[in-house]
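Peer 1: Output the structure for:
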Amino acid sequence: MLTRFLRKGIVLAFMNHVYKFQNNTQIAAL
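Peer 2: As a prediction, this is how the structure comes out:
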């Protein structure tokens, strides 16, 4: 259960990082 929780947290953190990166590139494109 703990490993599943950690994996979910890592995935969410990775998705959040990618989302922020995409937003930054879009703002830079503007």
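Peer 1: which secondary structure elements does the helix or strand hosting residue 10 contact?
Peer 2: With secondary structure defined by DSSP states H and E, residue 10 is part of helix 2-29. Helix 2-29 is packed against no helix or strand, with contacts defined by 3 or more Cβ pairs under 8 Å, 6 or more residues apart in numbering; DSSP states H and E. In this view, the C-beta of every residue, glycine as well, is placed from N, C-alpha and C.
Peer 1: average pLDDT for that helix?
Peer 2: Confidence over helix 2-29 (mean pLDDT, whole number) is 88.
Peer 1: Give me the buried positions along it.
Peer 2: Using 16 or more other Cβ atoms under 10 Å as the test for burial, helix 2-29 gives no buried residues.
Peer 1: Centre of the chain to stretch 17-30, how far?
Peer 2: Relative to the chain's own centre, stretch 17-30 is displaced by 12 Å; criterion: Cα atoms, centre = their mean, to the nearest Å.
Peer 1: And stretch 8-17, by the same measure?
Peer 2: On the basis of Cα atoms, centre = their mean, stretch 8-17 sits 4 Å off its chain's mean C-alpha point.
Peer 1: Alpha carbons of that stretch, in CSV - could you do that?
Peer 2: The C-alpha atoms that make up stretch 8-17 are tabulated as CSV, following Å, rounded to 0.1, in the frame of the first residue of the first chain:
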residue,chain,number,x,y,z
LYS,A,8,0.9,7.6,-7.2
GLY,A,9,2.6,10.7,-5.6
ILE,A,10,5.6,10.3,-8.0
VAL,A,11,3.2,10.1,-11.0
LEU,A,12,1.2,13.1,-9.8
ALA,A,13,4.4,15.1,-9.3
PHE,A,14,5.7,14.2,-12.7
MET,A,15,2.4,15.1,-14.4
ASN,A,16,2.4,18.4,-12.5
HIS,A,17,5.9,19.1,-13.6
